[in-house]
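In: Got a predicted structure plus its sequence, pasted below:
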Amino acid sequence: MKEKNQNFFFELELEEDQSIKLAFWADARNRATFEYFGDVISFDTTYNTNRYNLVCGSFVGVNHHGQSTLLGCSLMKNEEIESFKWLF
């Protein structure tokens, strides 16, 4: 993805078996939106993916129309303090 778009950002931490432990990504549009609407950010981890048993988190801001706008996403194997330290 990085080859196609230099503004795509991602970070991964893998387990020993190469499965995802922690992941964060934000595409070019998310990053540009953050520049304009990053004053207040909400982070929510209420969604779980069933297939891989990973916690899905979303970083959301509010634009000048009062609409929610996605700023970035994460996948976490667990919701332990160390996972949140890595993510933030």
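Out: That came through fine. Keep in mind the model is a prediction, meaning the values are calculated, not measured.
In: how much space between E13 and H65?
Out: 36 Å (Cβ to Cβ, to the nearest Å). C-beta: built from backbone N, CA, C; applies to glycine.
In: now this protein, which segments are flagged as low pLDDT?
Out: 1-4, 48-50 (pLDDT under 70).
In: can you give me the strands for it?
Out: Counting by DSSP state E, the chain has strands at residues 9-14, 20-26, 42-49, 54-62, 68-76.
In: Go through these and name the closest to F34.
Out: strand 68-76 (4.9 Å; Cβ to Cβ).
In: now the closest one, how far from the centre of its chain.
Out: 4 Å (Cα atoms, centre = their mean, to the nearest Å).
In: name the helices or strands packed onto it?
Out: In terms of contacts (3 or more Cβ pairs under 8 Å, 6 or more residues apart in numbering; DSSP states H and E), strand 68-76 is packed against strand 20-26, helix 28-37, strand 54-62, helix 81-87.
In: So for N5, which of these sits nearest?
Out: helix 28-37 (5.3 Å).
In: Great, nothing more from me.
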